[in-house]
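> when you get a sec, could you give me coordinates for this:
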Amino acid sequence: MAKTKKLLTENLKLVDVIVELMDARIPSSSQNPDFDSLFHGKRRIRCLNKADLADPRVSREWKEYFNKNSIDCVFLDSRTGQGMKELLSAIETAMEDKFLRDEARGLRRRPVRAMVTGIPNVGKSTFINKLTGRAAARTGDKPGVTRDKQWIKINSKIHLLDTPGILWPKLGDESTGLNLAFTGAIKDEVIDLVTLSSKLLEYLACNYKQELESRYEIDMSDKTGIQMLEDICRKRGLLMPGGELDTLKGAQKVLDEFRGALIGRISLEKPL
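Just a heads-up that it's a prediction; the model follows:
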């Protein structure tokens with residue numbers, strides 16, 4: 001984390017605008033709080049990536065929230081490219097004042113240099129590859145694929161600086177940590193997946209009960225998370241030798257199906 005933060009600080013002077021990718025399902029939890037001070041004074045555009053996985057009703061609430069607070073934001077689906085044209089337009093709009101000043105001084109307009117930042121597993125590499133139309137950045141389904149900075153030419157007007165994903169040393173509260181774990185920003189290997197899946201099921205039973213019951217064809221009323229997970233294991237026939245429920249395999253399936261929007265388009269946070 002310290003190495004990546006140093007890398008970002010050292011390269012700030014090279015860029016004109018910050019493109020910060022966040023997860024549309026958890027806009028608050030996926031925003032590194034250190035960025036406010038780190039990028040102070042730099043033009044900044046928030047990109048709510050994975051919008052295709054988020055609840056569209058909640059996303060509209062976030063859009064209104066950002067607009068109300070005069071924060072530039074764009075909702076993206078990096079897999080299909082939806083929102084990319086809006087982002088490129090937002091970058092040029094953000095830099096219009098600088099372009100006019102340069103022209104007044106007789107300076108030739110150069111490409112905009114934008115730094116792409118965000119927490120791990122927010123989809124930066126997929127975003128860049130879709131934007132460039134080629135495999136310019138490495139991609140993976142686990143956090144931490146991008147290990148070093150790399151410059152990427154988008155077109156004659158915009159150059160991007162890709163940087164590694166960075167979390168912050170201390171998570172503010174349990175809900176932030178859970179949201180990051182639910183969406184895969186924290187590696188599954190360091191988490192108790194049964195507990196994590198149980199907590200996710202409790203959230204879904206309270207907020208997306210119809211979608212949850214439709215997916216698993218189980219009545220989820222008045223049950224704890226572990227009880228719901230056990231019912232899912234029984235329904236899916238997830239058993240270990242001897243007939244014991246394989247709750248670990250069930251937990252991984254629940255998390256995978258949530259992350260792939262197989263349960264439905266779900267948001268875990270609403271604006272305050």
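> list the buried residues in the longest helix seen in the chain.
Ranked by number of residues, the top helix in the chain under DSSP state H is helix 193-207. For helix 193-207, the neighbour count (16 or more other CB atoms under 10 Å) marks 193, 194, 196, 197, 198, 199, 200, 201, 202, 203, 204, 205 as buried. For the C-beta atoms, the positions are set from N, CA and C on the backbone; glycine is no exception.
> swap in stretch 224-236?
So for stretch 224-236, counting by 16+ other CB under 10 Å, buried means 225, 226, 228, 229, 230, 231, 232, 233.
> with stretch 251-262 instead?
251, 252, 253, 254, 255, 258, 259.
> same deal with stretch 235-244?
By neighbour count on 16+ other CB under 10 Å, the buried set for stretch 235-244 is residue 238.
> thinking again about what came up before, so which of the buried residues of stretch 224-236 are in helices?
Among these, the members falling in helices (DSSP H) are 225, 226, 228, 229, 230, 231, 232, 233.
> quick one: least confident helix or strand in this protein?
helix 2-11 (a mean of 75; mean pLDDT, DSSP states H and E).
> list the buried residues in that helix.
4, 5, 8.
> determine the set of other helices and strands touching it.
Where contact means 3 or more CB pairs under 8 Å, 6 or more residues apart in numbering; DSSP states H and E, helix 2-11 is packed against helix 34-38, strand 112-118.
> which of the ones in helices among the buried residues of stretch 224-236 lies closest to residue 209?
residue 228 (10.7 Å; CB to CB).
> quick check: closest non-adjacent residue to the closest one.
residue 201 (4.4 Å; CB to CB, 6 or more residues apart in numbering).
> so what are the domain limits for the chain?
2-162, 192-259 (automatic domain parsing).
> closest to residue 180 out of the ones you listed?
domain 2-162 (5.8 Å).
> so where is the stretch 1-150 of the chain shaky, pLDDT-wise?
Low-confidence segments of the stretch 1-150 of the chain (pLDDT under 70): 1-2, 134-149.
> could you pull out the strands for this protein?
All strands of the chain, identified by DSSP state E, fall at 17-23, 43-49, 73-75, 112-118, 150-153, 158-162.
> among the buried residues of stretch 251-262, which ones are in helices?
Going by DSSP H, the helices hold 251, 252, 253, 254, 255, 258, 259 from these.
> and the gap between the third one and residue 215?
Looking back up the chat, that one is residue 253. Residue 253 sits 11 Å away from residue 215, going by CB to CB, to the nearest Å.
> now do the second one
When distances are taken as CB to CB, residue 252 and residue 215 turn out to be 15 Å apart.
> now the buried residues of helix 2-11 in a markdown table, with distance to residue 269?
Listed next are those as a markdown table, based on distance: CB to CB, whole Å:
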| residue | distance to residue 269 |
| --- | --- |
| 4 | 24 |
| 5 | 25 |
| 8 | 25 |
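> which one of these is nearest residue 109?
residue 8 (25.9 Å).
> which ones are touching the closest residue to residue 217 other than its chain neighbours?
Once flanking residues are discounted, residue 217 sits nearest to residue 235: 6.7 Å by CB to CB, 6+ apart. Applying CB atoms under 8 Å, 6 or more residues apart in numbering, one finds that residue 235 lies in contact with 216, 217, 218.
> run the last query once more with 10 Å
When contacts are counted by CB atoms under 10 Å, 6 or more residues apart in numbering, residue 235 touches 216, 217, 218, 250.
> what about the second one, distance to residue 236?
Just to be clear, that refers to residue 217. If you go by CB to CB, the gap between residue 217 and residue 236 works out to 10 Å.
> residue 88 too?
44 Å.
> got it, and residue 187?
Residue 187 is 25 Å from residue 236, by CB to CB.
> repeat that for residue 199.
20 Å.
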